[in-house]
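got a structure for you, letters missing:
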């Protein structure tokens, strides 16, 4: 029998009072802050209609807090259907009496252009009646995440992802739908939110010892954001609170683009760095890649850590910090250019390979170099959530 003792300590006394990671995103810094300890940001489905309320539930959507969960301006004209204007009606749709009504017949849409941007998330709310059939609401085509099927009367709220092609807001009803829509509102939910449309590949929200985290199974769990535009910078900082459960196989903690080894302007955090190795690593790439790797028997799995990677493409610098101490730094030529406009993959490379097995307590990505003071504050913030003690 193997007995394992996992001693962990809280760094809460070092946590800056009143400080939050939103301060890292002032002056237009782009990126994302993902906080599994905040239930306001977690939903069981990718459309954000079913909140996470208890340990053991899947997470299909994790909202980015870097923009304070702010809502943009209203995009819908005549969302209350007070007049028969602003909407283009398909077969079977009418607007009268303050509602849009559909009768059985062919499946069709009622729609209007709303000036949405492909690849962004929007909060949609609406009231529906439904006595037969079903309907859904979405923006754009390929890649869109729509609302769940409307099959019962009620008031609803969901988070939808705008797909490619036209940016029309479409209410599509199938041939059997009998019902109406009213009081529809669409506002952008600022941030680079991460989702998983495949139910079987969603990490699980867990709690214990006063901590809250996402548990990745090391098989197929993962989340992915929309594209994060970092093309205006060649400097980057990423900080994560994690606990790797195994060193048996390479694990991607977070990766900008589907593969940092193939796409210029990428970065990645690995845990472990190689199969069978007690190692973490950080990669930064312009047109060439640099890997800062730290290997030590003392960090063999299971092991909890706050990891910080800093990249500077023009400065040919990639560094890795572990629990507040720099443990690896390389000056490998990273070529030229800036970071890219790529999705952030969390827990799995490109959503298909190199799955991470373990816990994610928090993740902060910033398209900027940060001062030693800012990095220390962020590390202590995540350490308090990860049960890690920093110097």
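Yes, it's here. This one's a predicted model, so the numbers in the text were calculated from it and none came from an experiment.

quick one: pLDDT of the nearest residue to residue 77 once chain neighbours are set aside?
Residue nearest to residue 77 in three dimensions, not counting chain neighbours: residue 86, with 4.1 Å by C-beta to C-beta, 6 or more residues apart in numbering. Heads up, the C-betas are built off the backbone N, CA and C, glycines and all. The per-residue pLDDT reported for residue 86 equals 97.

other SSEs contacting the helix or strand of the chain with the lowest mean pLDDT?
Averaged element by element with mean pLDDT, DSSP states H and E, the chain has its least confident helix or strand at strand 154-161 (a mean of 94). If you count contacts as 3 or more C-beta pairs under 8 Å, 6 or more residues apart in numbering; DSSP states H and E, strand 154-161 packs onto strand 121-132, strand 135-139.

want to throw those into a markdown table with mean neighbour count?
Shown next, in a markdown table, are these (neighbours: other C-beta atoms under 10 Å):
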| stretch | mean neighbour count |
| --- | --- |
| strand 121-132 | 18 |
| strand 135-139 | 23 |
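
and the ones you listed: which comes nearest residue 263?
Among these, the nearest to residue 263 by C-beta to C-beta is strand 121-132 (23.1 Å).

now the angle between strand 135-139 and the closest one, please.
Put simply, strand 121-132 runs at 160 degrees to strand 135-139, going by axes from the mean of the first three to the mean of the last three C-alpha atoms, to 10 degrees.

which residues in the stretch 51-200 of the chain form strands?
Along the stretch 51-200 of the chain, counting by DSSP state E, counting those that start in this stretch, strands occupy 61-62, 71-74, 88-89, 93-96, 99-102, 108-113, 121-132, 135-139, 154-161, 168-173, 178-189, 194-195.

before we move on, back to that, report the inter-axis angle for the least confident helix or strand of the chain versus strand 135-139.
30 degrees.

can you give me the buried ones in strand 154-161?
Neighbour counts over strand 154-161 (16 or more other C-beta atoms under 10 Å) mark 156, 158, 159, 160, 161 as buried.

tell me the one of these nearest residue 77?
residue 160 (17.9 Å).

just to check, that closest one is in contact with residue 137?
Yes: in this structure, residue 160 is within contact of residue 137 by C-beta atoms under 8 Å, at 6.9 Å.

so what sits against both of those two?
Jointly contacting residue 160 and residue 137 under the rule C-beta atoms under 8 Å, 6 or more residues apart in numbering are 124, 146, 147.

quick check, nearest of those residues to residue 301?
Nearest to residue 301 among these, counting by C-beta to C-beta, is residue 146 at 39.4 Å.

that closest one contacts residue 138, correct?
Yes: under the criterion of C-beta under 8 Å, residue 146 makes contact with residue 138 at 3.4 Å.

show me what contacts residue 120?
Each residue near residue 120 by C-beta under 8 Å, 6+ apart is listed here: 161, 162, 188, 226.

from residue 80, how far out is the first one?
Translated: residue 161. 25 Å (C-beta to C-beta, to the nearest Å).

what do you get for the third one?
To residue 80, residue 188 is 20 Å away according to C-beta to C-beta.

and the closest residue to residue 65 other than its chain neighbours, how many neighbours does it have?
Using C-beta to C-beta, 6+ apart and skipping residues adjacent in sequence, the residue nearest residue 65 is residue 33, 4.6 Å away. Close neighbours of residue 33, defined as other C-beta atoms under 10 Å, add up to 27.
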